[in-house]
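Participant: Coordinates only, no sequence provided:
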């Protein structure tokens, strides 16, 4: 595993977050994604991470299957938020250039406009009616552009080298 992954993983200390997991499998049994993708097993992903297979986890396409319904959290007797841990795995994976092209494509509007969803007159009217400020127009802040560009470059570099 590269030094940056080790350092980042240490900072996030995922092992501490999953210590309470006693591998009952309720997270997988209650997961709607596992119904359609039987190979998807959040419990095994967590076990792989705590077992030291961190790079394997970050490059496993299954970490991108979670739909954030939080059924795992609702069912887990330990109250473990597997969906939130998977989000952190995804962030680490993206920084390592392991985000799938389909996920990367979702960042294109953000890189162009600073928003994931296009605006319009109807949205502006609703915001005004709710007393919210108008959406800013123009380019996103430079730090947003830089962050998105870094993730996109790393991921594209990894995909072209395969």
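Facilitator: Perfect, thanks for sending it. Just so we're clear, the structure is a prediction, and the values are computed from it rather than from any experiment.

Participant: Find me the pLDDT at the residue of the chain positioned farthest from its centre, would you?
Facilitator: If you look at how far each residue of the chain sits from its centre, by Cα atoms, centre = their mean, the farthest one is residue 129, at 32.7 Å. The confidence metric pLDDT takes the value 92 at residue 129.

Participant: what does residue 9 give?
Facilitator: Confidence score, pLDDT, at residue 9: 54.

Participant: ok so, going back, backbone phi and psi for the residue farthest from the centre of the chain, please?
Facilitator: Dihedral angles phi and psi of residue 129 (degrees, to the nearest 10) take the values phi -60, psi -30.

Participant: Begin at 485 from now on, thanks
Facilitator: Right, with 485 as the first residue, what we last looked at is residue 613.

Participant: State the distance from it to residue 603.
Facilitator: Look at residue 613 and residue 603: by Cβ to Cβ, to the nearest Å, they are 15 Å apart. C-beta: built from backbone N, CA, C; applies to glycine.

Participant: again, but for residue 596
Facilitator: According to Cβ to Cβ, residue 596 stands 12 Å off from residue 603.

Participant: What of residue 573?
Facilitator: 31 Å.

Participant: More neighbours: which of the two?
Facilitator: Residue environment comparison for residue 573 versus residue 603 gives the larger neighbour count to residue 573, 25 against 14, counting by other Cβ atoms under 10 Å.

Participant: Does residue 505 belong to a helix, a strand or coil?
Facilitator: Assigned with DSSP: H, G, I helix; E, B strand; the rest coil, residue 505 falls in the coil class.

Participant: Cool, thanks, signing off.
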